[in-house]
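>>> Fold the following.
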Amino acid sequence: MRISIFSLARKVATLALSLVLSLLAVAQQPGGAPAYSYSPELIAELKKLQEAALSSDYAYKQTAHLSNNIGPRLSGSPQAEHAVSYVADELRSLGLEVRLEKVMVPHWVRGEETGELVEFPGQAPGTRQKIVLTALGGSVATPAEGLTAEVVVADSFAHLGSMGRERVAGRIVLFNARFDKQMAAQGFATDAYIQAVAYRGAGASVAARLGARAALVRSVGGADYRLPHTGAMNYAADAPRIPAGAVAAEDADLMAYLAAQGKVRMRLTLTPQTLPDVESHNVIADLKGSEHPEQVVIVSGHLDSWDLGTGALDDAVGVAAAMEVARLIKRLNLRPKRTIRVIAWMNEENGLRGGTTYAQNHATEISNHIAAIESDIGAGHPLGFNAHVKPEALRMLQPAANVLQSMGAGLIKLVTNPVGADISPLENAGVPGFAPLQDVRTYFDYHHTAADTLDKVVPRELAENAAVMAVLAYAIASLPEPLPR
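Below you'll find the model as predicted:
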């Protein structure tokens with residue numbers, strides 16, 4: 001058998017990583033405390049769960065149904081409520097105790113969205129240039145016939161501020177802040193997103209304070225395939241509300257190039273509507289614990305999605321993986337000591353009403369929420385899991401991580417901030433929070449775009465994520481004592 005130098009290097013790297021993880025596991029024991037041990041029975045059950053998850057296509061089939069059969073699931077839409085009914089029925093068929101929790105959600109509807117440059121340096125007589133764009137979620141509309149104004153380009157909030165009101169008033173502002181693709185390629189895509197998304201969230205209000213008529217942002221994402229990325233924006237209470245959209249990266253570059261040469265005027269038409277809030281639901285399904293049924297371990301994803309694509313990566317995969325956790329535990333006839341609660345959250349994308357409503361409704365039960373797990377950043381290969389816990393909890397989690405190490409998912413990353421949007425109200429109240437630690441290098445290429453579709457999901461990697469959630473949830477639900485908080 002021939003072994004390439006690349007294969008050999010990979011094996012050596014894997015062995016080295018295992019050694020480092022072992023040393024870290026020892027070093028993490030607080031005060032030199034002995035390693036925490038699980039019973040042989042629990043270790044065997046965790047391994048069974050992992051193996052069953054890796055050999056199952058259930059999560060992929062559920063993802064396919066949510067994304068392909070039901071389609072885009074923006075809060076307030078018929079598809080969103082149909083998804084609620086579908087997931088509830090599916091969880092009932094698995095033998096779980098299911099209830100729907102009422103959530104009043106925003107109902108924003110996308111309308112016409114067009115842009116074209118009507119004046120620019122070097123323009124051929126009688127011609128215009130199309131701009132590929134989309135409205136940002138929550139945006140107000142332009143006049144029905146659109147608005148036409150000069151474009152000013154700013155690389156940052158500070159840059160725009162330096163122009164002063166005289167150069168901004170009456171114009172369309174383009175924030176041309178780039179998503180750092182090098183940062184994303186090196187495994188820090190979430191950090192790159194956090195840097196760039198500030199312009200999507202606050203750009204319209206910053207521009208409006210200087211008198212702008214509309215605000216555009218360079219799409220927050222990594223792929224330059226002339227795809228505009230939508231997403232929620234927010235209006236500040238002290239600023240006028242002006243139309244807001246996202247421009248494909250190539251078109252942002254085009255407009256910046258032309259504006260550097262001279263005057264650029266654009267005709268922009270956005271006709272979204274914000275309708276009255278409508279009733280929707282979180283889907284809550286319990287697999288009751290055998291010893292402490294009142295104590296809850298949540299596994300979850302959010303059911304709503306943006307309307308440009310079919311919401312496969314964001315976040316049908318998270319809901320499907322959570323459903324798989326309960327199905328596997330039932331199929332293997334395992335009996336966790338604590339209740340495993342599957343939640344399909346509603347309205348993560350443009351309001352977080354599902355997560356906040358749940359926290360409010362269950363405020364008196366927070367002390368019995370032992371942990372909350374949420375998957376909401378795609379389904380790339382998991383390296384382990386993020387843990388928003390006290391450091392002394394790490395030793396209690398290490399045996400579960402050791403089981404996951406066999407598939408390269410044994411890392412525990414201790415973090416100090418909430419790891420999931422929907423579970424953040426619970427985390428802020430002291431509930432230990434967890435999320436799969438995934439390869440997200442390409443996730444923001446598709447995030448909030450028309451390209452968020454089923455073909456981007458790798459079935460094996462989705463199964464790996466379900467395995468991480470299943471092993472972690474069952475371990476926490478089966479420990480002799482709760483995690484510290």
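>>> Now do stretch 72-90: everything it contacts.
Residues outside stretch 72-90 that contact it (C-beta atoms under 8 Å, 6 or more residues apart in numbering) are 62, 65-66, 70-71, 98, 100, 105-109, 275, 277-278, 280-281, 283, 285, 303-311, 319, 323, 344, 346-347, 349-351, 353. No exception for glycine: its C-beta is placed from N, CA and C like everyone else's.
>>> now the helices for the stretch 301-450 of the chain?
317-331, 353-361, 394-404, 424-428, 443-446 (DSSP state H, counting those that start in this stretch).
>>> Just the buried residues out of the contacts of stretch 72-90, in ChimeraX syntax.
Selecting only the buried entries of the contacts of stretch 72-90 in ChimeraX, with 16 or more other C-beta atoms under 10 Å as the criterion:
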select :62,65,66,70,71,98,105,106,107,108,280,281,283,285,303,304,305,306,307,308,309,310,311,319,323,344,346,347,349,350,351,353
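>>> nearest to Phe120, of the helices of the stretch 301-450 of the chain?
Taking C-beta to C-beta, helix 443-446 is the member of these nearest to Phe120, at 28.8 Å.
>>> What is that closest one packed up against?
In terms of contacts (3 or more C-beta pairs under 8 Å, 6 or more residues apart in numbering; DSSP states H and E), helix 443-446 is packed against helix 189-209.
>>> and the helix it packs on, what's its mean pLDDT?
Averaged over helix 189-209, pLDDT sits at 97.
>>> do stretch 450-468 as well
Throughout stretch 450-468, pLDDT has a mean value of 98.
>>> Can you list the buried residues in it?
Judged by neighbour count (16+ other C-beta under 10 Å), stretch 450-468 contains these buried residues: 450-454, 456-457, 461-468.
>>> Sketch out the low-pLDDT regions of this structure for me.
Scanning the chain for pLDDT under 70 picks out 1-33.
>>> Neighbours of Asn417, how many?
Residues lying near Asn417 (other C-beta atoms under 10 Å) number 10.
>>> For it, which non-adjacent residue is closest in space?
Excluding the flanking residues, the one nearest Asn417 by C-beta to C-beta, 6 or more residues apart in numbering is His388, at 6.8 Å.
>>> swap in His302?
The shortest distance from His302 to any non-neighbouring residue, by C-beta to C-beta, 6+ apart, is to Glu348 (3.6 Å).
>>> Same list, the helices of the stretch 301-450 of the chain, but as JSON lines with distance to Gly146 please.
Putting the helices of the stretch 301-450 of the chain into JSON lines (distance: least, C-beta to C-beta, whole Å) gives the following:
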{"stretch": "helix 317-331", "distance to Gly146": "38"}
{"stretch": "helix 353-361", "distance to Gly146": "32"}
{"stretch": "helix 394-404", "distance to Gly146": "53"}
{"stretch": "helix 424-428", "distance to Gly146": "38"}
{"stretch": "helix 443-446", "distance to Gly146": "29"}
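>>> Highest mean neighbour count out of those?
Counting by mean count of other C-beta atoms under 10 Å, helix 317-331 has the highest mean neighbour count of those, with a mean of 27.
>>> what about it, distance to the chain center?
Distance of helix 317-331 from its chain centroid, counting by C-alpha atoms, centre = their mean, to the nearest Å, is 18 Å.
>>> Neighbours of the nearest residue to Ala312 once chain neighbours are set aside, how many?
Spatial nearest neighbour of Ala312, excluding adjacent residues (C-beta to C-beta, 6+ apart): Ser67 at 3.9 Å. Applying other C-beta under 10 Å, we find 26 residues neighbouring Ser67.
>>> Would you mind listing the residues in contact with Ser67?
Neighbouring residues of Ser67 by C-beta under 8 Å, 6+ apart: Thr310, Gly311, Ala312, Ala316, Thr453, Leu454.
>>> sorry, back to before: does the residue nearest to His302 really touch Ala421, like I thought?
Yes. In this structure, Glu348 is within contact of Ala421 by C-beta atoms under 8 Å, at 5.3 Å.
>>> what about the two, which has more around it?
Glu348 (26 against 17).
>>> quick one on the thing from earlier: ok, the buried residues of stretch 450-468 vs Ala202, which is closest?
Checking the buried residues of stretch 450-468 against Ala202 with C-beta to C-beta, the nearest one is Asp452 at 24.0 Å.
>>> who touches Ala387 in this structure?
Ala393, Leu394, Leu397, Ile412, Lys413, Leu414, Val415, Val419, Pro432, Gly433, Phe434.
>>> show me the biggest strand of this protein in terms of residues.
strand 273-287 (DSSP state E).
>>> From the contact counts, what lies against that one?
Helices and strands touching strand 273-287, by 3+ C-beta pairs under 8 Å, 6+ apart, are helix 78-93, strand 97-109, helix 317-331, strand 338-345, helix 353-361.
>>> Dump the C-alpha coordinates for the second one into PDB.
This file holds the C-alpha atoms of strand 97-109, laid out as PDB (Å, rounded to 0.1, in the frame of the first residue of the first chain):
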ATOM      1  CA  GLU A  97     -45.200  15.400  24.200                       C
ATOM      2  CA  VAL A  98     -45.800  18.300  21.800                       C
ATOM      3  CA  ARG A  99     -47.300  21.800  22.400                       C
ATOM      4  CA  LEU A 100     -47.300  25.000  20.500                       C
ATOM      5  CA  GLU A 101     -46.300  28.200  22.200                       C
ATOM      6  CA  LYS A 102     -47.900  31.300  20.900                       C
ATOM      7  CA  VAL A 103     -45.600  34.000  19.600                       C
ATOM      8  CA  MET A 104     -46.600  37.300  18.000                       C
ATOM      9  CA  VAL A 105     -44.200  37.900  15.100                       C
ATOM     10  CA  PRO A 106     -43.500  40.700  12.700                       C
ATOM     11  CA  HIS A 107     -45.000  40.400   9.200                       C
ATOM     12  CA  TRP A 108     -42.700  42.200   6.800                       C
ATOM     13  CA  VAL A 109     -43.300  41.500   3.100                       C
END
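>>> in its sheet, what does it sit against?
Partners of strand 97-109 in the sheet, by DSSP bridges, are strand 273-287 (antiparallel).
>>> How about the shortest one?
Strand 338-345 has its sheet partners listed here by DSSP bridges as strand 273-287 (antiparallel), strand 292-302 (parallel).
>>> Give me whichever of those strands is most buried.
Of all the strands paired with strand 338-345, strand 292-302 has the most neighbours on average by mean count of other C-beta under 10 Å, namely a mean of 24.
>>> Out of the helices of the stretch 301-450 of the chain, flag the one nearest Pro482.
For Pro482, the closest of those is helix 394-404, at 9.4 Å, according to C-beta to C-beta.
>>> from the middle of its chain, how far away would that closest one be?
Centre-to-centre, helix 394-404 and its host chain are 25 Å apart (C-alpha atoms, centre = their mean).
>>> cool, stretch 220-231 as well?
From the chain centre to the centre of stretch 220-231 is a distance of 15 Å (C-alpha atoms, centre = their mean).
>>> Equivalent analysis for stretch 312-320, please.
Its chain's average C-alpha position is 9 Å from that of stretch 312-320, according to C-alpha atoms, centre = their mean.
>>> Distance check, the residue nearest to Asn417 against Gln405.
Going from His388 to Gln405 by C-beta to C-beta, to the nearest Å gives 21 Å.
>>> When those two are compared, which one has more neighbours?
Between His388 and Gln405, counted using other C-beta under 10 Å, the more crowded position is His388 (24 against 17).
>>> Is that one in contact with Asn428, as I believe?
No. Counting by C-beta under 8 Å, His388 stays clear of Asn428, with 9.8 Å between them.
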